[in-house]
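A.B. asks: give me a 3D structure for the following:
(one chain, ligands or ions: 1)
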Amino acid sequence: MQSTLQFGRFNFPWRGQGVRARVMGILNVTPDSFSDGGHYQSLEFALSHAEQMIQEGVDIIDIGGESSRPGAPPVSLEDELRRVMPVLYAMRDMGPAISVDTYKPQVMREAIIAGADMINDINGFRAPGAIEAVKDSDCALCIMHMQSDPQHMQLAPLYTNVVEDIINFLRERAEALMAAGIDPRRLCIDPGFGFGKTVEHNYALLKATARLMNALNLPLLAGLSRKSMVGAITGKPVEQRMAGSVGGALAAVAQGALIVRVHDVSETVDALKVFQAGSPLQR
Ligand code: YH5
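C.D. replies: Alright, predicted model coming up:
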């Protein structure tokens, strides 16, 4: 049996012949890191970071205009558009697929018009109008699970059975998207590491990567790069979590994950090449 994630000009097999794990590079365009707050400076910085990731072999670039870290305040529609759209216009046709990390339907609409290849929604397309915004396009849709919201999600994460609860959530969202007429070949799922989860929840989900894909018959994206679940195992602060993050990415890919969302593209690409060359599994 062959299964593929199909969207626009891209076709990523995820089960059967020709499977290769794909690297999604994180491109933050939040201006927090710029002392003078200049828009031009942040655009220049984002584009040079994107070019570097392309040289390192990235498959997908994920543009995010809102910091989704625990406790982060929300960003206005206008600010998010001002950050994301210039980068998106400058980057389409550079080669890699372009993903936009947003939960706002108006950002989804504008991004699709501008040529985005994927919409990555940490809110699982639950916002009113989100499904309408994406249904008539051919872009891929990443459905992520989050409990609560970024400002409150880490206060008291609670599940009956974390793996079953998240399978049920992702199934309900995939069914809602398909009920709107969306081709299931456009969909991928994501357990949402760190989004309303304890360290134990996160590792129960990482261990259940293959089970999630089998339960829903959809490809999976794993995003654990530099997150606290890596720090909890290694004891390292965020700036020293690269090797631990690569280890986590391989744990997901070994179970069949299609996409790993990472900060460190070069290191992850190398690790996946060697992993693939030495892996006896016909994925
Ligand atoms: C994800 O998992 N995550 S934004 C806290 C950190 C490090 C990184 C230092 N968007 C995901 O990357 N989209 C984000 O601690 C995402 N899956 C998908 N699909 C949070 C993030 C981060 C947060």
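A.B. asks: would you agree residue 142 falls within a helix?
C.D. replies: No - counting by DSSP: H, G, I helix; E, B strand; the rest coil, residue 142 falls outside a helix, being strand.
A.B. asks: what's the distance between it and residue 271?
C.D. replies: Per Cβ to Cβ, to the nearest Å, residue 142 is found 22 Å from residue 271. No exception for glycine: its C-beta is placed from N, CA and C like everyone else's.
A.B. asks: same check, this time on residue 29
C.D. replies: On the measure of Cβ to Cβ, residue 29 and residue 271 end up 26 Å apart.
A.B. asks: so the two - more neighbours on which side?
C.D. replies: residue 29 (24 against 21; other Cβ atoms under 10 Å).
A.B. asks: what sits against the residue nearest to that one when sequence neighbours are not counted?
C.D. replies: With Cβ to Cβ, 6 or more residues apart in numbering as the criterion, residue 29 has its nearest non-adjacent residue at 4.5 Å, and that residue is residue 83. Residue 83 makes contact with 29-31, 42, 65, 75, according to Cβ atoms under 8 Å, 6 or more residues apart in numbering.
A.B. asks: farthest pair in these?
C.D. replies: Farthest pair in these (Cβ to Cβ) is 42 and 75. Separation: 13.6 Å.
A.B. asks: so which of the two has more stuff around it?
C.D. replies: residue 42 (21 against 18).
A.B. asks: that one: what secondary structure?
C.D. replies: Once three-state DSSP is applied, residue 42 turns out helix.
A.B. asks: just confirm residue 99 is within a strand.
C.D. replies: Yes - when classified by three-state DSSP, residue 99 is found to be part of a strand.
A.B. asks: which ones are touching it?
C.D. replies: Applying Cβ under 8 Å, 6+ apart, the residues near residue 99 are 24, 60-63, 116-120, 140, 142.
A.B. asks: which of the residues you listed fall within strands?
C.D. replies: In this view, the contacts of residue 99 that belong to strands under DSSP state E are 24, 60-63, 118-120, 140, 142.
A.B. asks: columns pLDDT on top of those residues, output as CSV?
C.D. replies: Formatted as CSV, these follow (pLDDT from 0 to 100):
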residue, pLDDT
24, 98
60, 98
61, 98
62, 98
63, 97
118, 98
119, 98
120, 98
140, 98
142, 98
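A.B. asks: just those that are near the ligand?
C.D. replies: 120, 142 (Cβ under 6 Å from any ligand atom).
A.B. asks: return the set of buried residues in stretch 123-131.
C.D. replies: Buried residues in stretch 123-131, counted by 16 or more other Cβ atoms under 10 Å: 123-125, 127, 130-131.
A.B. asks: ditto for stretch 158-171
C.D. replies: Buried positions in stretch 158-171, judged by neighbour count with 16+ other Cβ under 10 Å: 162-163, 166-167, 169-170.
A.B. asks: and if you look at stretch 241-250?
C.D. replies: Across stretch 241-250, burial judged by 16+ other Cβ under 10 Å covers 241-242, 244-246, 248-250.
A.B. asks: which residues in the stretch 101-250 of the chain form strands?
C.D. replies: For the stretch 101-250 of the chain, applying DSSP state E, counting those that start in this stretch gives strands covering 118-121, 140-144, 187-190, 221-222.
A.B. asks: is it possible to get CSV of these that adds mean neighbour count?
C.D. replies: Listed next are the strands of the stretch 101-250 of the chain as CSV, based on neighbours: other Cβ atoms under 10 Å:
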stretch, mean neighbour count
strand 118-121, 26
strand 140-144, 27
strand 187-190, 26
strand 221-222, 27
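A.B. asks: for the closest residue to the ligand within the stretch 51-200 of the chain, give me its contacts.
C.D. replies: Going by Cβ to the nearest ligand atom, the ligand is nearest to residue 68 of the stretch 51-200 of the chain, at 3.8 Å. For residue 68, the contact set (Cβ under 8 Å, 6+ apart) comprises 101, 122, 150, 195.
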